[in-house]
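Visitor: Quick one: sequence and predicted model below, then my questions.
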Amino acid sequence: MKIGKWLAVAFGLLFSAAALAQQPIKIGIGIAQTGTLGGGGKAALLALQMWVEDVNAKGGLLGRKVELLAYDDQSNPATTPGIYTKLLDVDKVDLLIAPYGTVPTAPIMPLVKQRGLLLMGNFSFQVNHTVKHDMWFNNAPWGDATSWTEGFLQVGQKIGAKTIAFIAADQEFAQNLANGAKEIAKRSGLKTVYEQNYPPTTVDFSSMIRAIRAAKPDMVFVCSYPNDSVAIVRAVNEIGVGPTVKLFGGGMVGLQFTPVMESLGSSLNGIVNYNSYVPGIKYPGIEDFLQRYAKKAVEAKVDPLGFYLPPFNYAIGQILEQAITTTKSLDQKVLARFLHSHEINTIVGPISWGPDGERAKPAVPMIQFRNVADKNVEQFRQAGKQVILHPPQFKSGDPVVPYEKARGGN
Amino acid sequence: MRRDWPFWAGAAATVALAAAVGLSGANEYFFYASFVVLQFVVLATAWNILGGYAGYVNFGTAAFFGIGAYTAVVLFKAAGAPLAVQILAAAAISGLLGFGTGLLTLRLRGIFFSIATVAVIFIMETAMVNWRYVGGATGVQLLRPPVMEPFESYTRMLFVVMAILAVIAVSIARYIEVSWIGRGLRAIRDSEEAAECFGVPTLQLKLFACTVSGALMGAAGAAMPMYMSFIEPPSSFSLTYSVSALAMPMIGGTSHWLGPVIGAILLGSVQQIVTVTISNEINVLVVGVLLVVFVVAAPDGILGLLKRLKWLLRSSR
Amino acid sequence: MAFSFELLLEAILFGVLLGCFYAAVSIGLSVSFGLLDVPHVAHPAIMVLGSYCTYLLNRYGLDPIVAGIALMPLFFILGVAIYRFYYETFEKRGSEAGVRGLAFFFGLAFIIEVGLILVFGVDQRMVEAAYIGRSLALGEFRIPWRMVVAFGVALVLTAALTIYLSRTFTGRAIKAVAQDEPALRLMGANPVRIKQWAFGIATGVTALAGAMLIVVGPVEPSLDRVYIGRTFAVVVLAGLGSMTGTLAAGLILGISESIVLMQFGASWAPAVAFGLLLVVLGIRPQGLFGR
């Protein structure tokens, strides 16, 4: 009878091991599908789903299928603690990817730090600088404020700009960026002639644009989220910002989303803004990805170009894939140690991180919109609609100034 | 008071039960969701002191709740104050706000009082938006202090704390209801002019109710920043708190202390289940629809329906 | 300083346009709450509903203001239905039920808001028209055309309603029922039908207000919350039941908000309406022109 008992135990173990092996690896994310960031979030989610399909077609990870659980955080930071708690305690996911964007990610940083969880960042800016979590890895091409603003400020100073105005939304992303930018501007010898923060729900910017015009700055550095970016671009085109302004833009999120570019059309001309990828930049494997993405995007009725977020979200998948298959583990600490000590090859180039979890070698393209026509999506596939001014390794042209002339304005 | 001991026995049993559950192995999310339900027990009970007993419909619950939360944040940031101190301070500040609001608005009738309380919400929110120390519109990330023994996690501890707070709130409401204060408030609700003619000190009683109500709402708000590890103005001062704190007593029944408790547990649980299974929006829709349905069809709430049912059963024998 | 004075002038000019707009969106409330004493907290929510209906019609190419006018009859019917329901359920039963009526409208506002979120999502919606996105150049000043259009429509609407209430038979009956209902009954008129009609008009007007709202700027479902403050501030400051008072109060609010915006920034602007409301309620609850 002893043998019988041992046989039963052995079968039981084998059975449960087999059952466990068939359980999928669950990856959880709360990502904006509606609200101010929704335009970008929808494209990003599609890219992540593409990665999941690709990985499962190859047999999954560690012999198990990968499953992605996604909830809409509506771009609202108040929803993310609840969503991620639910993902962890009800859905019991194995790994977490951060929400798209700094503002929805900020509230969950204390949560992941206190629970000792690995978090894959998704285009946030300096969201880890207060909490200092050591298991955070951001996919964005920027690092600190210098990496982002040096392009804008250097281009400006080269054409003789001496004064600058700042407007920034009162939210985590814009404040992080604006504070950094103001420091750097001061160090570079630029004089700040106007600065204003505005609540994120502001819709009417005529008063601020009027005040900026009255202050006569050479450059205007704007830190805004998609809804406000659109409102600011419309306000500037409606009442004009004055003849002194050479460069306008800098940190306007949303002007990279295809639906926004399509609806603003020629209003974008002249704006100098950041991006992550524009046609002309040669990352290995990215053009192939974009072709596959474009087909799926048309089916899913989502951003058909997929330039800004999708390649970098696919890269998150690639990063997780390489970490898991190399370490053969799902243990959060093991994966974190691996990522801190290795450079990962992705379709947006090689990525490695500093101790703060941000890019060790940042490279942020600063572009100027030129000759953009209204209601035309396909035009953006050609190089030349977003002329790259910085960094030197990608540069494709010099800026057209002053801004009012480049805009073709009144 | 011979009839008192059942209540106190029940209160003690509730606290013991909460502590036992808090130390048990139940799923973490249960505590996360139940915290919110208990928070609404406190808010609904607090609302009912002014809204149900005295008949002054307060729309400004979110203001007192939000200020309680921000008081806790300030104390935590400035001095690392422990949770108990945060709660007491929040109660004090929100009580003060309640007193001030009362002074300003309690002379106004019906809808003017209610609209004035909405104004307090927006003014308080604007004040916090413009205060950089608490993060302005950006908000503040908060790292919880290490949880004390014997609780396994901070959320479980918050669950037990909120349960104790709920019992305290209900005890206060019950005390007010059965005492001369409650009689005075009911007189005000039935006819304020008549009450004044009879020498009831209406202004003092209303101010008292407003202060106590505000203080309890602030105490409920104090635990919220630690619960979320984050605070920002729009969600702290959300009108959804006002609607829920008003709907729950109306659904449960406004004339007895048990009404808000029933309403909060019922509606709160439905809300949490809906949030997990369907979506967050439907949760607010449920509150709105139930409020309208009960206000139209069952103005005395569930307690009123139960009373009618008892009467029907008795008279059919 | 020279530029500061210029900015102030521009702010006042913008404030006048804005103020007229605020008066127009509040005038429906002036009738429903000011004259009829209905605790209509759901007024801004119905206005936002009007904005979304305008957005839908604009998607088919209809000019937003024309769409707003086209919606007025539909909203009139909606208003009559709401008032009928409110009267049967609450007003008939006396003052105790008045408190419940307040809760009812609060619940209704939330249901409308959440309904809009479920149908349209939380994204901002805008309309397109020839006059949106361009501005009128007056020397150094640039006045956005969308504000000028809203200003014009607002003036016409306020004038039309004032004339209606003082010159036509039904209009005067509405004012009469607000002043002295029993007397009206004695004169053989049915006050409930008159009040129903008035509430219908107030709601119809709110449809046009919604169209103006989405012309002036993008809308999203929770926009009704801040407008509770603005509309009630205007109506209370005006004094219940005064139409010309509504225009004056709207201008006061618009100009104050514009100046605060210029001087202190957008973070203080929402508090202006609510602060003004509290001050008026505290000092002179009958408003400027009230009875």
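Guide: Received the coordinates, thanks.
Visitor: secondary structure class for residue A:243?
Guide: Per DSSP: H, G, I helix; E, B strand; the rest coil, the secondary structure class of residue A:243 is coil.
Visitor: Test my guess that it contacts residue A:402.
Guide: Yes: assessed by CB atoms under 8 Å, residue A:243 is found in contact with residue A:402 at 6.2 Å. Where C-beta positions appear, they are placed from N, C-alpha and C, glycine not excepted.
Visitor: Neighbour count: those two, which is higher?
Guide: residue A:402 (20 against 13; other CB atoms under 10 Å in any protein chain shown).
Visitor: Contact residues of the stretch 101-250 of chain B facing chain C?
Guide: Residues of the stretch 101-250 of chain B found near chain C (CB under 8 Å from any CB of the partner chain) are B:104-105, B:108, B:110-112, B:114-116, B:118-120, B:122-123, B:125-127, B:129-130, B:136-137, B:239, B:243, B:246-247, B:250.
Visitor: Spell out which parts of chain C neighbour chain A.
Guide: Counting by CB under 8 Å from any CB, chain C sits next to chain A at C:3, C:6-7, C:10-11, C:14, C:121-124, C:133-135, C:137, C:142, C:144, C:216-218, C:258, C:261-262, C:265-267.
Visitor: Mind checking which of the residues you listed are buried?
Guide: Buried by 16 or more other CB atoms under 10 Å in any protein chain shown: C:7, C:10-11, C:14, C:121-124, C:133, C:135, C:142, C:144, C:216-218, C:258, C:261-262, C:265-267, out of the residues of chain C next to chain A.
Visitor: thinking again about what came up before, show me how to select, in PyMOL, the buried members of the residues of the stretch 101-250 of chain B next to chain C.
Guide: Buried subset of those, written as a PyMOL selection, criterion 16+ other CB under 10 Å:
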select buried, chain B and resi 104+105+108+110+111+112+114+115+116+118+119+120+122+123+125+126+129+130+136+137+239+243+246+247+250
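Visitor: Once you drop chain neighbours, what's closest to the residue in the stretch 151-300 of chain A that chain C sits nearest to?
Guide: Per CB to the nearest CB, residue A:239 is where the stretch 151-300 of chain A lies closest to chain C, at 3.7 Å. Nearest residue to residue A:239, sequence neighbours excluded (CB to CB, 6 or more residues apart in numbering or on different chains): residue C:142, at 3.7 Å.
Visitor: so where do the helices sit in the stretch 151-300 of chain B?
Guide: Taking DSSP state H, counting those that start in this stretch, the helices of the stretch 151-300 of chain B run over residues B:154-178, B:180-190, B:192-197, B:202-222, B:224-228, B:233-236, B:239-252, B:258-277, B:280-297.
Visitor: What is the burial count for residue 71?
Guide: Assuming you mean chain A. Count around residue A:71 with other CB under 10 Å applied: 21.
Visitor: sorry, should have said chain C
Guide: 23.
Visitor: Who are the contact partners of it?
Guide: By CB atoms under 8 Å, 6 or more residues apart in numbering or on different chains, the contact list for residue C:71 reads C:50, C:53-54, C:57, C:207-208, C:210-211.
Visitor: Flag every residue of the stretch 151-291 of chain C that's near chain B.
Guide: Counting by CB under 8 Å from any CB, the stretch 151-291 of chain C sits next to chain B at C:225-226, C:228-229, C:232, C:236, C:267-268, C:270-271, C:274-275, C:277-278, C:281-282, C:285.
Visitor: mind redoing it with 10 Å?
Guide: Contact residues (CB under 10 Å from any CB of the partner chain) of the stretch 151-291 of chain C with chain B: C:221-222, C:224-226, C:228-229, C:231-233, C:235-236, C:264-279, C:281-282, C:285.
Visitor: which of those count as buried?
Guide: C:221-222, C:224-226, C:228-229, C:231-233, C:235-236, C:265-278, C:281.
Visitor: can I assume residue A:195 sits in a strand?
Guide: Yes: under three-state DSSP, residue A:195 falls within a strand.
Visitor: Contact partners for it?
Guide: A:164-168, A:178, A:182, A:215, A:221 (CB atoms under 10 Å, 6 or more residues apart in numbering or on different chains).
Visitor: And the residue positioned nearest the centre of chain B, how far from residue A:279?
Guide: By CA atoms, centre = their mean, chain B has its centre lying nearest to residue B:43, at 0.6 Å. Residue B:43 is 54 Å from residue A:279, where distance means CB to CB, to the nearest Å.
Visitor: From the chain's centroid, how far away is the helix or strand containing residue C:235?
Guide: Residue C:235 is part of helix C:224-238 when elements are defined by DSSP states H and E. Its chain's C-alpha centre and that of helix C:224-238 lie 8 Å apart, by CA atoms, centre = their mean, to the nearest Å.
Visitor: Could you point out the helix or strand that follows it?
Guide: helix C:243-264.
Visitor: State the pLDDT value of the closest residue to residue B:81 other than its chain neighbours.
Guide: Leaving aside its sequence neighbours, residue B:81 sits nearest to residue B:75 (CB to CB, 6+ apart; 4.0 Å). Per-residue pLDDT puts residue B:75 at 95.
Visitor: Hmm, residue B:75 is touching residue B:89, no?
Guide: Yes: with contact defined as CB atoms under 10 Å, residue B:75 reaches residue B:89; the gap is 5.5 Å.
Visitor: shared neighbours, those two?
Guide: B:81, B:222.
Visitor: and the spatially most central residue of chain A, backbone torsions?
Guide: Residue closest to the average C-alpha location in chain A (CA atoms, centre = their mean): residue A:123, at 2.7 Å. In terms of degrees, to the nearest 10, the main-chain angles of residue A:123 are phi 60, psi 40.
Visitor: Not counting sequence-adjacent ones, nearest residue to it?
Guide: Per CB to CB, 6+ apart, closest to residue A:123 is residue A:140, 4.9 Å.
Visitor: which ones are touching the one you found?
Guide: Residue A:140 touches A:102, A:121-125, A:147-148, A:276, A:309, A:312, A:351, A:358-359, A:362, A:364, counting by CB under 10 Å, 6+ apart.
Visitor: so how far is residue B:290 from residue C:104?
Guide: 12 Å.
Visitor: If you count surrounding residues, which of those two has more?
Guide: Between residue C:104 and residue B:290, counted using other CB under 10 Å, residue C:104 has the larger neighbour count: 23 against 19.
Visitor: roughly how far is the helix or strand where that one lies from the heart of the chain?
Guide: Counting by DSSP H and E, the element that carries residue C:104 is helix C:95-120. Centre-to-centre, helix C:95-120 and its host chain are 17 Å apart (CA atoms, centre = their mean).
Visitor: Wondering if it reaches chain B at all.
Guide: Yes: against chain B, helix C:95-120 shows contacts by CB under 10 Å from any CB at C:95-118.
Visitor: which helices and strands does that helix pack with?
Guide: helix B:110-129, helix B:180-190, helix B:239-252, helix B:280-297, helix C:43-59, helix C:64-89, helix C:224-238 (3 or more CB pairs under 10 Å, 6 or more residues apart in numbering or on different chains; DSSP states H and E).
Visitor: Flag every residue of the stretch 201-317 of chain B that's near chain A.
Guide: Residues of the stretch 201-317 of chain B lying near chain A (CB under 10 Å from any CB): B:227-236, B:238, B:272, B:275-277, B:279-281.
Visitor: And the buried ones among those residues, selectable in PyMOL?
Guide: In PyMOL, a selection of the buried entries from these looks like this (16+ other CB under 10 Å):
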select buried, chain B and resi 227+228+229+230+231+232+233+234+235+236+238+272+275+276+279+280+281
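Visitor: so where's the stretch 1-150 of chain A uncertain?
Guide: A:1-2, A:4-21 (pLDDT under 70).
Visitor: So which residues of it form strands?
Guide: Listed in chain order, the strands of the stretch 1-150 of chain A (DSSP state E, counting those that start in this stretch) span A:25-30, A:66-71, A:95-97, A:119-121, A:136-138.
Visitor: All set now, cheers.
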